[in-house]
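A predicted structure for the sequence below; I have some questions about it.
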Amino acid sequence: MLTRTGVPHDEIAVTARDEAADLITIVTHGRGGLNRLTLGSVGDGVIRPSSCPVLSIRESGAPN
């Protein structure tokens, strides 16, 4: 088990790079519009700097 402290999307991307990950899988709430702008998105933050593919899965029961 690995525990890190910091900005979640930065730490996920750095850990994936450090561990030479082949894929990052992340669950998203599926927020859009204003909620996404005001609350941010860890998924978006991971996708941009990632050095490997990111699989984003919508949380079960999340609104369409």
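Cool, got the structure.

Quick check: next helix or strand after the lowest-mean-pLDDT helix or strand in the chain?
The helix or strand of the chain with the lowest confidence, counting by mean pLDDT, DSSP states H and E, is helix 33-39 at a mean of 52. The C-terminal neighbour of helix 33-39 among helices and strands, as given by DSSP states H and E, is helix 42-47.

C-terminal to that next one, what's the next element?
strand 54-58.

For that following strand, buried residues please.
Residues of strand 54-58 classed as buried by neighbour count (16 or more other C-beta atoms under 10 Å): Val54. All C-beta atoms are positioned from the backbone trio N, CA, C, and that covers glycine.

shift numbering so it begins at 43
Okay, using 43 as the starting number, the last item reads as strand 96-100.

Packing partners of that strand?
strand 66-70, helix 84-89 (3 or more C-beta pairs under 8 Å, 6 or more residues apart in numbering; DSSP states H and E).

Now do it: everything it contacts.
Leu65, Ile66, Thr67, Ile68, Val69, Thr70, His71, Gly72, Gly85, Val88, Ile89 (C-beta atoms under 8 Å, 6 or more residues apart in numbering).

Over to stretch 58-71?
Counting by C-beta under 8 Å, 6+ apart, 54-55, 57, 83-85, 88, 92-101, 104 sit against stretch 58-71.

Check which residues of that stretch are buried.
Ala58, Ala63, Ile66, Ile68, Thr70, His71.
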